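Peer 1: sequence first, predicted model second:
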Amino acid sequence: MAKLTAKQRNAIPTKDFALKGRREPLNNKSHAEAALTMGMRKKTPTEKAEIRAAVHRKYPDLGKDKDMKKTSKETSKKATAKKGLTKKEGKSGSHKAITAQKGYTH
């Protein structure tokens, strides 16, 4: 998702925002995906429903439950692989590695 400049954001029509007050832009598919994931944080249940409805109106195939679960699992796998951890190690493995490097013992 590319970061929008003020000029680009102002050029987006009001109908291409998920919430009133020109919040949560849906000008392209990547921004719509971001609205479904990151945009759900710290929102009221009503705002969450409005975001989902606006995204599905503009991109009907986007954000189906099974697609979102698959996306979050893939993201989790990528993050674990990037850290060089096995699936079993996860967060506890990274904690053990850090404490071992610092010379702490359990």
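Peer 2: Alright, I've got the coordinates. In this text the structure is predicted, and so the values were computed from the model without any measurement. Residues are numbered from 1 along each chain as shown.
Peer 1: by mean pLDDT, point me to the weakest helix or strand of the chain.
Peer 2: helix 65-83 (a mean of 54; mean pLDDT, DSSP states H and E).
Peer 1: which stretches of the chain form strands?
Peer 2: In the chain, the segments counted as strands under DSSP state E are 17-19, 23-25.
Peer 1: what's the closest of those to residue 58?
Peer 2: Of all those, strand 17-19 sits nearest to residue 58, with 8.8 Å by CB to CB. Backbone N, C-alpha and C define where each C-beta goes, glycine included.
Peer 1: quick one: end-to-end distance for stretch 37-49.
Peer 2: 13 Å (CA to CA, to the nearest Å).
Peer 1: mean confidence for that stretch?
Peer 2: The average of the pLDDT scores along stretch 37-49 is 92.
Peer 1: okay, now residue 26: neighbour count?
Peer 2: 25 (other CB atoms under 10 Å).
Peer 1: now swap in residue 48 and tell me
Peer 2: Residues near residue 48, counting by other CB under 10 Å, number 14.
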